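Novice: I'd like to go over a predicted model; first the sequence, then the structure.
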Amino acid sequence: MTTTAPATRRARRWRAVLWGVLGLVALAAVWELYKLVGPADGWLIGAQEGVTGSGIRLLPRTSDQAMPHTWEMLARAASPVTRAPGALPLGVVVLLAALVSLGVAALGWLVGVTVGFALALLMLGFRIAERAVLPFVILSQTVPLIALAPLIRNWGSRLSFGDFSWQSWMSVVIIASYLAFFPVAVGALRGLQSPEAAHLDLMRSYSAGWWTTLVRLRLPASVPFLIPALRLAAANAVVGTVVAEISVGFSGGIGRLILETAVAASSDPAKPWSPILGAVLLGLVAAGFVALLAAFLSPFRRQETLA
Amino acid sequence: MSTPAPTAAPEPTPTADAAAAVVVRGVERVFHGAKGASVTALTGIELTVHDGEFVSLIGPSGCGKSTLLRLIADLDEPSAGDIRVFGRTARQARIDQAYGIAFQQAGLLPWRSVAANIELPLQLHGMGSAERRARVAELLDLVGLTDFARSYPDQLSGGMQQRVAIARSLAEQPRLLLMDEPFGALDEMTRERMQTELLRIRAETGAAVVFVTHSIPEAVYLSDRVVVMSPRPGRITDEIDVRLGRAAERGEDLREESAFFEGVTAVREALHGPQSSTPGTARGVDVR
């Protein structure tokens, strides 16, 4: 790793921002270009005369109904969400909902990371646990989320002791964490097992115990494996939150807003795009947060070069 | 100081071994493979390393020299026999930090700076930070890396990495150094420089050294005594005293002296057997 002057590093950062903005502009340009040249009714093959919904659509429709102009979406986001007096602009409503979802997703991520890491430690400590737990960890991810959501809501609603009663957002947190723990469990286990034999011998020669070896050797060595896992977990937590909000019926978040605005699509085609873009923004914020975390941990990402 | 151990090995008593850094008696190591197959890596090993003595273990690949070193370091346990390090069991000696160890790969922690790598054993054993800093500065000076204290291992050459590893092995002022082909991955020039460096460091610390190598000139140049091993099963076949003067007096000139070449010839004959001087009989031995 060569040390770079702060000036060049700053220049590189600005260039990264510039490329990001250019990417967004390019995406909007492609959208508008296709809308301009694409057939209004799309392109269907094998459609039967007079039968709606037959055939396979290879190209989407470009009507204002299906693909509103990008500027219409922006304009819609700026105008009030409903005609009711004092209604907030749609964009603000979307941002508020995204914030709620972000909180829920962050909580789900935190729970998922904790559980995943605990499982990795368990599997590291006990060979038997690795053989017994790992197949179930993998199996757990094959259960469809849609099937799981009502179950968790149902089980949760039976829980109540004292003042505590199960809230629907808790179900969302559980589902988000259910998706988030998997990459962490697998990635952390690989990372914790990554130190070479020579390093483990060295720690043994120092009479370092299991915990000391964990803290001084295995944990730092696991960082390069952990960061991609944390990033995956963040993406999974966001997706899990959005989907779980819909299937659990938790209102206030972005997922629910997507469902609500989709209903209005026929009369107000630009409206559903705002919460969709809001969900994308949510994913970007989550990814950005992990990138920040990675920057914090960058000293541990140095790789040993062989002599 | 040719020390063929008595065939009927008496139980080592602390008093008898007070002057010995390492005493190995009747050690055997058998590895059990899958399907009941077993490999005898070492058998009938008798070895004494005196305090302050530099002993090289040499032999072709698979003769068990690294295994023997690992047994002394208590990184592995013998199937039979007894190992004493400064009169204690190998296990107790490891717990007491009686030795420092260096491997073929430097084995530095990539996320720690040079200073922090050297500091690792001191930190693990709870030395105060001020004391630690002073000791690390001393060690950096000893291996000539003071200017690189804040560098990271990936910014260093192989030779420099190995010097950091040696400094780390010396951190707790051990009376015994165990080295497993520490210069095996270095180029010839660096290697010779490191050998001279090691002799100087050893003269300053006065520690006993058990040094595994497969290079005959390296063994002769460094050692007071060369222990020759042979494979299948791994055993000690010969011990050769090298009398090239005290460590502090050995310099680069020594490599061109006749005593050095005599030592090389003696070790080579011990390895290959007296009748066959043709190369190839002891494969895996580096005769550079």
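Specialist: Alright, I've got the coordinates.
Novice: check which helix or strand covers residue B:26.
Specialist: strand B:20-32 (DSSP states H and E).
Novice: flag every buried residue along that strand.
Specialist: B:20, B:21, B:22, B:23, B:24, B:25, B:27, B:28, B:29 (16 or more other CB atoms under 10 Å in any protein chain shown). (C-beta placed from N, C-alpha, C; glycine too.)
Novice: between those, which sits nearest residue A:74?
Specialist: Taking CB to CB as the measure, residue A:74 lies nearest residue B:29 of the buried residues of strand B:20-32, at 75.2 Å.
Novice: and chain B, what are its domain boundaries?
Specialist: Using automatic domain parsing, the domain parsing of chain B gives B:50-78+B:89-98+B:175-288, B:108-173.
Novice: what ranges do the strands span in the chain?
Specialist: Answering for chain A, as no chain was given. For chain A, the strands defined by DSSP state E occupy A:43-45, A:56-59, A:160-161, A:164-165.
Novice: my bad, chain B
Specialist: Taking DSSP E as the criterion, chain B carries its strands at B:20-32, B:38-50, B:54-58, B:80-85, B:88-89, B:99-102, B:176-180, B:208-213, B:225-230, B:235-241.
Novice: still on that earlier bit, of all the domains of chain B, which one is nearest residue A:221?
Specialist: domain B:108-173 (8.1 Å).
Novice: any idea how far apart the tips of the closest one sit?
Specialist: Start and end residues of domain B:108-173 are separated by 19 Å (CA to CA, to the nearest Å).
Novice: wondering if that domain reaches chain A at all.
Specialist: Yes - using CB under 8 Å from any CB of the partner chain, domain B:108-173 reaches chain A at B:108-111, B:120-121, B:124-125, B:152-155, B:157-159, B:161-162.
Novice: and the residues you listed, which of them are buried?
Specialist: Looks like the residues of domain B:108-173 next to chain A have B:108-111, B:120-121, B:124, B:152-153, B:155, B:158-159, B:161-162 buried, using 16+ other CB under 10 Å.
Novice: returning to that earlier point: quick one: mean pLDDT for the strand holding residue B:26?
Specialist: For strand B:20-32, the mean pLDDT works out to 84.
Novice: can I get the buried residues of strand B:20-32 in TSV with distance to residue A:81?
Specialist: Below are the buried residues of strand B:20-32 laid out as TSV (distance: CB to CB, whole Å):
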residue	distance to residue A:81
B:20	87
B:21	83
B:22	82
B:23	86
B:24	84
B:25	87
B:27	82
B:28	83
B:29	78
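Novice: point out where the chain drops to low pLDDT.
Specialist: The chain I'm using is chain A. For chain A, applying pLDDT under 70 flags the ranges A:1-6, A:52-53, A:303-307.
Novice: could you do chain B instead?
Specialist: Applying pLDDT under 70 to chain B picks out residues B:1-19, B:245-253, B:256, B:273-288.
Novice: center of it, which residue is that?
Specialist: residue B:211 (2.2 Å; CA atoms, centre = their mean).
Novice: okay, and the beta partners of that residue?
Specialist: Applying DSSP bridges to residue B:211 gives these bridge partners: residue B:56, residue B:179.
Novice: what's the closest of the strands of chain A to chain B?
Specialist: strand A:164-165 (43.0 Å; CB to the nearest CB).
Novice: ok, longest helix in chain A?
Specialist: helix A:90-125 (DSSP state H).
Novice: can you count the residues close to the closest residue to residue A:95 other than its chain neighbours?
Specialist: In this structure, residue A:95 finds its nearest non-sequential neighbour in residue A:278, 6.8 Å apart by CB to CB, 6 or more residues apart in numbering or on different chains. Counted with other CB atoms under 10 Å in any protein chain shown, the neighbours of residue A:278 add up to 24.
Novice: from chain B, how far off is residue A:278?
Specialist: Computed with CB to the nearest CB, to the nearest Å, the distance linking residue A:278 and chain B is 38 Å.
Novice: again with residue A:296
Specialist: 13 Å.
Novice: count the neighbours of that residue for me.
Specialist: 9.
Novice: follow-up on the earlier one: as TSV, the domains of chain B with distance to residue A:258 would be great.
Specialist: Putting the domains of chain B into TSV (distance: least, CB to CB, whole Å) gives the following:
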stretch	distance to residue A:258
domain B:50-78+B:89-98+B:175-288	58
domain B:108-173	43
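Novice: what's the closest of those domains to residue A:136?
Specialist: If we rank the domains of chain B by CB to CB, the stretch that ends up nearest is domain B:108-173, at 32.8 Å.
Novice: ok now that closest one, how far from the chain's centre?
Specialist: 20 Å (CA atoms, centre = their mean, to the nearest Å).
Novice: ok, stretch B:254-272 next?
Specialist: In terms of CA atoms, centre = their mean, the gap separating the centre of stretch B:254-272 from the centre of its chain is 20 Å.
Novice: and that stretch, what's buried?
Specialist: Buried, per 16+ other CB under 10 Å, within stretch B:254-272: B:254, B:255, B:260, B:263, B:264, B:266, B:267, B:268, B:269, B:270, B:271, B:272.
Novice: the residue nearest to the spatial centre of chain A and chain B, how far apart?
Specialist: In chain A, the residue lying closest to the centroid (CA atoms, centre = their mean) is residue A:235, at 1.9 Å. Counting by CB to the nearest CB, the separation of residue A:235 from chain B is 26 Å.
Novice: contacting residues around that residue?
Specialist: Residues counted as contacts of residue A:235 (CB atoms under 8 Å, 6 or more residues apart in numbering or on different chains) are A:283, A:286, A:287.
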